[in-house]
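need a structure here:
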Amino acid sequence: MRAPYGLQIIESCVAYPHKEDRLFCDLTPAALKRLSEITGSATYAKGATLFVEGQPARGVFVLCAGQVKLSTSASDGKTLILRISEPGDLLGLPATISGRAYEVTADVIEATQANFISRTDFLNFLRDHGDAALRVAQELSETYQSAFAEMRTIGLSHSAGEKLARFILDWGAHHKSEKGAVKFDLTLTHEEIAQMIGASRETVTRLFADFKRRNLLLVKGSSVTIMDQPGLERLVEGS
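This next block holds a predicted model:
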């Protein structure tokens, strides 16, 4: 079934195996039935906001299709993008479990379908289904490890060039190499990439031009092709 924005509706994305070993895959029939009863689905246009940093946690969103950026902002207006979420990810989980405010803002960057589960229903569901509660604990651990890795990358990288090279390699890691080149679509703007690696937009634009000049990358619109992966890896290693 088609939804607004050209999305292909996924009827039960809380159990849909977007990725291997997703959070709600292979639950008991009773747990899946209860989960479907407490879940509501909606579609969101590019630019919509699922929740805002500092807002009391209302519940969790299960991303079914599309992409959502998670960011945090300082009082001076500077923004750091922490992660780009993909289908299968659970958004707003730490705040929903702890009862605190959302620690990030979740903005839709392309047409998206997401399922919502209110905090009360979600906590009651976890109390009744221990296998789901264990998986949520594992998901929280993975979130912590991912955040630590991102902070380490930003904090210990020696240059903006190293950070951008690492970002490009990470973005292309899930795409197959064809004839020695890795091609993928990069829908983020230079400003958004800058917010992810802790640099200025001007620096990111300059570095992209430099990477193209050195034949490390081929960029056509939103399409990026890694032409020299070993060269980017050498930048990451600082050589």
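
What segments of this protein are strands?
All strands of the chain, identified by DSSP state E, fall at 40-44, 49-51, 59-65, 68-73, 79-85, 90-91, 105-108, 112-118, 177-178, 181-185, 217-220, 223-226.

Tell me which of those strands sits nearest to Asp128.
Nearest of the strands of the chain to Asp128, taken as C-beta to C-beta: strand 112-118 at 13.5 Å. C-beta: built from backbone N, CA, C; applies to glycine.

tell me the average confidence for the closest one?
For strand 112-118, the mean pLDDT works out to 94.

picking that back up, out of the strands of the chain, flag the one nearest Ala30.
Of those, nearest to Ala30 by C-beta to C-beta is strand 112-118, at 16.6 Å.

Out of the strands of the chain, which gets the lowest mean score?
Least confidently modelled of the strands of the chain is strand 177-178, at a mean of 74 by mean pLDDT.

returning to that earlier point: make TSV from the strands of the chain and add mean neighbour count and distance to Ser98 to it.
What follows is those, written out as TSV (neighbours: other C-beta atoms under 10 Å; distance: least, C-beta to C-beta, whole Å):
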stretch	mean neighbour count	distance to Ser98
strand 40-44	17	23
strand 49-51	19	14
strand 59-65	24	12
strand 68-73	19	16
strand 79-85	18	17
strand 90-91	23	14
strand 105-108	22	17
strand 112-118	22	16
strand 177-178	10	41
strand 181-185	16	35
strand 217-220	14	41
strand 223-226	18	37
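
what about Val182, distance to Cys25?
Distance from Val182 to Cys25, counting by C-beta to C-beta, to the nearest Å: 28 Å.

on that earlier part again, could you dump the strands of the chain to JSON lines with distance to Asp170?
Shown next, in JSON lines, are the strands of the chain (distance: least, C-beta to C-beta, whole Å):
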{"stretch": "strand 40-44", "distance to Asp170": "25"}
{"stretch": "strand 49-51", "distance to Asp170": "23"}
{"stretch": "strand 59-65", "distance to Asp170": "19"}
{"stretch": "strand 68-73", "distance to Asp170": "15"}
{"stretch": "strand 79-85", "distance to Asp170": "10"}
{"stretch": "strand 90-91", "distance to Asp170": "20"}
{"stretch": "strand 105-108", "distance to Asp170": "20"}
{"stretch": "strand 112-118", "distance to Asp170": "21"}
{"stretch": "strand 177-178", "distance to Asp170": "15"}
{"stretch": "strand 181-185", "distance to Asp170": "11"}
{"stretch": "strand 217-220", "distance to Asp170": "14"}
{"stretch": "strand 223-226", "distance to Asp170": "11"}
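
Perfect, I'm done here.
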